[in-house]
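S.K.: got a predicted structure plus its sequence, pasted below:
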Amino acid sequence: MHDPTMKSAGRRSLLATMAIAAAGTLLPSKQVLAHGDDGSHTHDIAPVSADILTVVGPWEMTGLDPSRAGYMFARMEVVETLLEVDDKGQLQPGLASSWQAGPDGLQWRFTLRSGRSYHDGTPVTATSVLACLKRAHARPGVLRLADIKAITLAEHDIVVNLGRPFNALPYLLTHYSTQILAPSSFAADGKVERIVGSGPFRISSLSLPQQFNVERFDGYDETGNRAARRIQRARYISVARSETRTLLVQSGQADLAFSLDPPSIRALQNSDKAVLLSAMLPRTTFIKLNAGHPFLSDLRVRRAIALCVERQGIARALLRDPDLGATQLFPPSMASWHDAALPALRTDPDEARRLLDAAGWRLAGDGIRRRHGERFELSLTTFVDRPELPLIAAALQEEMRQIGIAVRVVIGNSSDIPAGHRSGTLQMGLVARNFGNLPDPAATLLQDFGPEGGDWGAMGWRNEELLQVLQRLSSSQRADTLAGQAGRAKVAAILQAELPVIPVVWYRQTCAVSRRMAGASIDPFERSYRISQLRWI
Amino acid sequence: MRLSGGIPAWRQLGGALTHRLLQAAIVALIVGTLCFFMTRMLPGDMAYRIAAGRYGYDMVTSAAAEAVRQELGLDRPWLLALGDWWGRLLHLDLGVSQVTAQPVIVEIAHQLGPTLRLSLLAMAFSLLIGPTLGALAGLNPGGLLDRATLAISVVLRALPSFLLGLILVLIFSVRLGALPAAGHDDHGSIMLPALTLALGMAAVSCRVARDAMTKVRGSAYFAFALTKGLSLHQALARHGLRNVAAPVVAYLGVQLVYLVEGVVLVETIFAWPGIGHALVHAIFGRDVPMIQGTALVLGLMFVLFNALVDAACAFLDPRRRA
């Protein structure tokens, strides 16, 4: 027989243990493990109070290395690059105060700004900058776009020697993968183990992959001026779902919320907690066509597809913004590349049908065209990283069906596009290409429309004239001259005429800004959240 | 101390523990192996997917994918890679995340705490809400409370977790401003995700408790307790609650499926930094070691919780020990 007293005591102690365990779960987490590339160190997540600015966006930090989530540390103004750009894409001084190329365009010299220090108090030296740039060059990234022979020091200047002239080199040095970190950021084996930058804010706590907190770095402001009402502390939280970000804004928990989808924008339009801010970005959603495919190699067919696309309808119905219908590849936000004189892409399904007839594609009884017994059937691959893409793909599927083309929409991962390009299996892809990855898109365009096509650009198509113009633009020191303007207009015209990609809609970044903030603005190149310019109302 | 049948308690406990450890080892092997094959059989090139997970899709090029392929040896034969994982598992080494370059064990150590906190609080809430209301409803079958809890249970169980979560956020965060909508470092951040999971579980445990209470109320032993002069409270405390608790705790084992499945969804909705959230992102990034590791831990959690439920059932119901 068992002892009932003992059993009863045991049950009470079990219940007490459960109660303590439950109570323990209610306590806020004080210590959160954080890790960098070495996975060893921890930081405290600071307790939240009302004077912390909360930024939410969908992006997760997959590591500390600049090539991975470096853009997040740049956006929160923790790290800097050698050069910066303004809203028009014009180069501005960053950690380098001036820069110049030699007469042959093969040697570039960057003079560092003096008196700057890293967040650990050590000075920003040419040696530490050189080490970061050499490290960036040794990894896959934008510096590979230039034919860099050597990066060296000459007194206090950084000198870059090229194998061929490359006008866009300074723009490469604005990219987040070339950000400058203090020597104390790196472990002995070269891995990044902490982020010690030189920007207006320094990391105060870190909990990868979802959150990091920053605080103002006094050493950044050379006048030592800590103006009242400016943001002293901020945090970034990765929140994957757009509706959750919207609810965070509506509940007053988030002060800045980025990458809002159209339903969220509609929900926040009359919010008493936040106002909406938007800016057109140098990003275009287009259909990437495999022009080497037997169906799509015919320009008449590509033009027919372009003519059946209801750009304004898609922009109005799916993006809730009729101005986003793409009349050409380059949006107006790319001021020097957008050609207002270029005849706009238009919608004309009847003309599209005539072109398909002329190309030998005859309508069959099921409403789908056939030629020599072959059914006009293609797949359109897209992905969910941008939630509007599957919706647009569905609209395109219906529009193409109406002119007699059967489309199978394949929704997968973003990597299916470059993988399909390389394997030659991609037929059509719907992508949202960022031409502002580098503020001067000549390098990006060379990647996309180069001799082999591009993972995110042309496929099975090449145009010698376009190639020559792009190469001239990327190597010429006089790209801002009339000849440069004519070259850019030529690029836009060739792409519009040949349609290796078919523009659908442009892109607008919409950000919700809490009504307790003032001074917010959107960086069209998505380089910064500009929290140092914000202040509490 | 002897629990039953003359077998010493330590031997009985040791036997049960060995059984569970064996079960855990089998779960580890099956889950890890299934994850490996399922991930490998997904369409698409792994190197590109991993590159997209690491660098973001704007920066994915064939060059980046090739660098990833070389670095991770993705061209190795499948069986070699699986054998490697098995070998590592024997040394309790779950490998390195292909996206973050962190040891999987470090990532999981980082995520396990939040997931356990969330799961335990959800279970505590569900046990507090469901059986209490169910027992009260069972005291008066067909009464107002019984009918009301039935209606609420049906609605709550029918609602998917993500919808229930959003409704709770709308009420408690947006309308009332009482609790954080998401995140993990604001005071009370855990409440809404835990409540989302708890309400779904309470919906069922409420009905189980109600049925058990109805059965107890109609039993001869309960009638005898009342006849011999005990008050309703005394009769419930001495003869009722334990009998009601036994099926509720036994049913917890079934609800663990809902809990583990719910954790994956709820963590994603509420940006809760746990294992479920990590699993979803690992699948997107085709991060095989991370998928294997997180699924393995979720599987082992399932075994552990089941063992705890069995122990609690044995503790509550002496007939099981006979």
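M.R.: Now that the structure is in, tell me what you want to look at.

S.K.: quick one: the helices in the stretch 151-300 of chain B?
M.R.: Taking DSSP state H, counting those that start in this stretch as the criterion, the stretch 151-300 of chain B carries its helices at B:161-169, B:191-217, B:220-227, B:232-235, B:241-269, B:275-284, B:288-316.

S.K.: other residues contacting the shortest one?
M.R.: It refers to helix B:232-235. B:Phe222, B:Ala225, B:Leu226 (CB atoms under 8 Å, 6 or more residues apart in numbering or on different chains). Glycine gets a C-beta too; all of them are placed from N, C-alpha and C.

S.K.: returning to what we had before: which of the helices of the stretch 151-300 of chain B sits closest to A:Arg472?
M.R.: Nearest to A:Arg472 among the helices of the stretch 151-300 of chain B is helix B:275-284 (40.8 Å), distances taken as CB to CB.

S.K.: now that closest one against helix B:288-316, angle please.
M.R.: With axes from the mean of the first three to the mean of the last three CA atoms, to 10 degrees defining the directions, helix B:275-284 sits at 150 degrees from helix B:288-316.

S.K.: re the thing from before, buried ones only from the contacts of helix B:232-235, please, as a PyMOL command.
M.R.: Buried residues among those (16 or more other CB atoms under 10 Å in any protein chain shown), as a PyMOL selection:
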select buried, chain B and resi 222+225
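
S.K.: of the contacts of helix B:232-235, just say which sits nearest to chain A.
M.R.: B:Ala225 (16.9 Å; CB to the nearest CB).

S.K.: and the closest one, what does it touch?
M.R.: B:Gln234, B:Ala235, B:Arg238, B:His239.

S.K.: give the contact list for A:Ser278.
M.R.: By CB under 8 Å, 6+ apart, A:Ser278 lies in contact with A:Arg508, A:Gln509, A:Thr510, A:Cys511, A:Ile522.

S.K.: residue numbers of the stretch 1-150 of chain B in contact with chain A?
M.R.: B:1, B:3, B:43-45, B:48-49, B:51-65, B:67, B:99-103, B:106, B:109-110, B:113-114, B:117-118, B:120-121, B:124 (CB under 8 Å from any CB of the partner chain).

S.K.: from these, which would you call buried?
M.R.: Buried among the residues of the stretch 1-150 of chain B next to chain A by 16+ other CB under 10 Å: B:3, B:45, B:48-49, B:51-62, B:64-65, B:67, B:99-103, B:106, B:110, B:113-114, B:117-118, B:120-121, B:124.

S.K.: what about B:Leu199, how many neighbours?
M.R.: Applying other CB atoms under 10 Å in any protein chain shown, we find 26 residues neighbouring B:Leu199.

S.K.: so, low pLDDT: which residues of the stretch 201-322 of chain B?
M.R.: Low-confidence segments of the stretch 201-322 of chain B (pLDDT under 70): B:318-322.

S.K.: just name the shakiest helix or strand of chain A by mean pLDDT.
M.R.: Across the helices and strands of chain A, mean pLDDT, DSSP states H and E gives its lowest value to strand A:31-33, namely a mean of 35.

S.K.: contacts for stretch A:285-292?
M.R.: The contact list for stretch A:285-292, computed with CB under 8 Å, 6+ apart, reads A:296-297, A:302, A:305, A:309, A:326, A:329, A:380, A:386, A:388-389, A:392, A:396, A:417, A:421, A:424, A:426-433, A:456-461, A:499-507.

S.K.: restricted to helices, list the residues of the stretch 1-150 of chain B next to chain A.
M.R.: B:48-49, B:51-55, B:62-65, B:67, B:106, B:109-110, B:113-114, B:117-118, B:120-121, B:124 (DSSP state H).

S.K.: if we can go back for a sec, tabulate the helices of the stretch 151-300 of chain B (CSV), appending distance to B:Gly134.
M.R.: What follows is the helices of the stretch 151-300 of chain B, written out as CSV (distance: least, CB to CB, whole Å):
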stretch, distance to B:Gly134
helix B:161-169, 19
helix B:191-217, 3
helix B:220-227, 17
helix B:232-235, 17
helix B:241-269, 8
helix B:275-284, 28
helix B:288-316, 16
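
S.K.: which of those sits closest to A:Leu470?
M.R.: Ranking the helices of the stretch 151-300 of chain B by proximity to A:Leu470 (CB to CB) places helix B:275-284 first, at 34.0 Å.

S.K.: pull the contacting residues for the residue most central in space within chain B.
M.R.: In chain B, the centroid-proximal residue (CA atoms, centre = their mean) is B:Val260; its distance is 2.9 Å. Listed by CB under 8 Å, 6+ apart, the contact set of B:Val260 reads B:Leu298, B:Met301, B:Phe302.

S.K.: now the buried members of the contacts of B:Ala225.
M.R.: So, of these, B:Ala235, B:His239 end up buried under the neighbour-count rule (16+ other CB under 10 Å).

S.K.: what parts of the stretch 301-450 of chain A come near chain B?
M.R.: Residues of the stretch 301-450 of chain A lying close to chain B (CB under 8 Å from any CB) are A:383, A:385, A:412-416, A:418-419, A:421-423, A:434, A:437, A:447.

S.K.: and the residues you listed, which of them are in helices?
M.R.: Counting by DSSP H, those place A:Asp416, A:Pro418, A:Ala419, A:His421, A:Arg422, A:Ser423, A:Gln447 in helices.

S.K.: for ChimeraX, what selects the buried ones among the residues you listed?
M.R.: Buried residues within those, by 16+ other CB under 10 Å, are selected in ChimeraX with:
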select /A:416,418,419,421,422,447
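
S.K.: lowest pLDDT pick from the ones in helices among the residues of the stretch 301-450 of chain A next to chain B?
M.R.: Of all these, A:Gln447 carries the smallest pLDDT score, 85.

S.K.: if I look at it, how far off is A:Leu95?
M.R.: 26 Å (CB to CB, to the nearest Å).

S.K.: backbone dihedrals for the residue in the stretch 201-350 of chain A that chain B sits nearest to, both of them.
M.R.: Closest to chain B within the stretch 201-350 of chain A is A:Ser251: 3.7 Å, counting by CB to the nearest CB. Dihedral pair for A:Ser251: phi -90, psi 0, per degrees, to the nearest 10.

S.K.: wait, it sits on B:Ser173?
M.R.: Yes. When contacts are counted by CB atoms under 8 Å, A:Ser251 is listed as touching B:Ser173 (3.7 Å).

S.K.: intersection of neighbour lists for those two?
M.R.: Residues touching both A:Ser251 and B:Ser173 (CB under 8 Å, 6+ apart): B:Pro180, B:Ala181.

S.K.: buried ones only from the contacts of stretch A:285-292, please, as a PyMOL command.
M.R.: In PyMOL, a selection of the buried entries from these looks like this (16+ other CB under 10 Å):
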select buried, chain A and resi 296+302+305+309+326+329+380+386+388+389+392+396+417+421+426+427+428+429+430+431+432+433+456+457+458+459+460+461+499+500+501+502+503+504+505+506+507
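
S.K.: which ones among the contacts of stretch A:285-292 map onto strands?
M.R.: Those of the contacts of stretch A:285-292 mapping onto strands are A:380, A:428-433, A:501-507, per DSSP state E.

S.K.: need the helices for the stretch 151-300 of chain A, in chain order.
M.R.: Using DSSP H, counting those that start in this stretch, helices in the stretch 151-300 of chain A cover A:169-172, A:242-250, A:262-268, A:299-308.

S.K.: if we go by neighbour counts, what in the longest one is buried?
M.R.: Using 16+ other CB under 10 Å as the burial criterion, the residues of helix A:299-308 that qualify are A:Val301, A:Arg302, A:Arg303, A:Ala304, A:Ile305, A:Ala306, A:Leu307, A:Cys308.
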